[in-house]
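# need a 3D model of the sequence below.
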Amino acid sequence: MKKPVIAAADIDRLETWVKYKDSLCRDCMASCCTLPVEVRIGDLIRIGLVDEFERGEPAKQIAKRLMKDGIVEHFNHKQEVFTLTRLANGDCLYLDRKTRLCTIYAKRPDTCRNHPRIGPRPGYCAYRPKNQG
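Below you'll find the predicted structure:
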């Protein structure tokens, strides 16, 4: 039986997103990895960018260091939320350009772990088949 063809979603048009199924990820261009990734200090510790003993330091100071290193592109002071840097093409800095797989998958942030249960359209994803780039 032939697989049904699913049109590629436009990441900026939520109505084009498809109902999420685990099987979609295997053939996707990882378009979810072009969305902004918000992280908290616990995520940064899990990833290995911040040491546990730094948890007590002002988040603003940590943000300044990570921005200088090119890992964080934005910091929300009120919420203490960091936004990971994206490359010029929109990809997360931890997305492998060739394989389109996460290079830190086992340590990925909670935002990524919970997608698409949370996000711009819960339960849906911006599926783009690999063959359509």
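
# backbone dihedrals for F75, please?
phi -140, psi 130 (degrees, to the nearest 10).

# name the element the residue nearest to it when sequence neighbours are not counted belongs to?
Nearest residue to F75, sequence neighbours excluded (CB to CB, 6 or more residues apart in numbering): A63, at 3.6 Å. Glycine gets a C-beta too; all of them are placed from N, C-alpha and C. Using DSSP states H and E, A63 sits within helix 59-68.

# and that helix, what does it pack against?
helix 41-47, strand 72-76, strand 81-84 (3 or more CB pairs under 8 Å, 6 or more residues apart in numbering; DSSP states H and E).

# relative to D110, which of the ones you listed is closest?
helix 41-47 (5.9 Å; CB to CB).

# give me the buried positions along the closest one.
Within helix 41-47, the residues that count as buried by 16 or more other CB atoms under 10 Å are 41, 43-47.

# then stretch 28-45?
28-35, 37-39, 41, 43-45.

# that older thread, would you mind measuring from the residue nearest to F75 to G56?
15 Å (CB to CB, to the nearest Å).

# who has more neighbours, those two?
A63 (22 against 7; other CB atoms under 10 Å).

# what score does the closest residue to A59 other than its chain neighbours have for pLDDT?
In space, and not counting its chain neighbours, A59 is closest to E80: 4.5 Å by CB to CB, 6+ apart. You'll see E80 listed with a pLDDT of 95.

# now that E80 has come up, it's in contact with E57, right?
No - using CB atoms under 8 Å, E80 is not in contact with E57, being 11.6 Å away.

# show me what the helix or strand bottoming out on mean pLDDT in the chain is packed up against.
Ranking every helix and strand in the chain by mean pLDDT, DSSP states H and E puts helix 22-25 at the bottom, with a mean of 88. With contacts defined as 3+ CB pairs under 8 Å, 6+ apart, helix 22-25 has no helix or strand neighbours.

# other SSEs contacting the helix or strand just after it?
Sequence-wise, the next helix or strand downstream of helix 22-25 (DSSP H and E) is strand 38-39. Contact analysis of strand 38-39 by 3+ CB pairs under 8 Å, 6+ apart lists strand 81-84, helix 110-113 as its packing neighbours.
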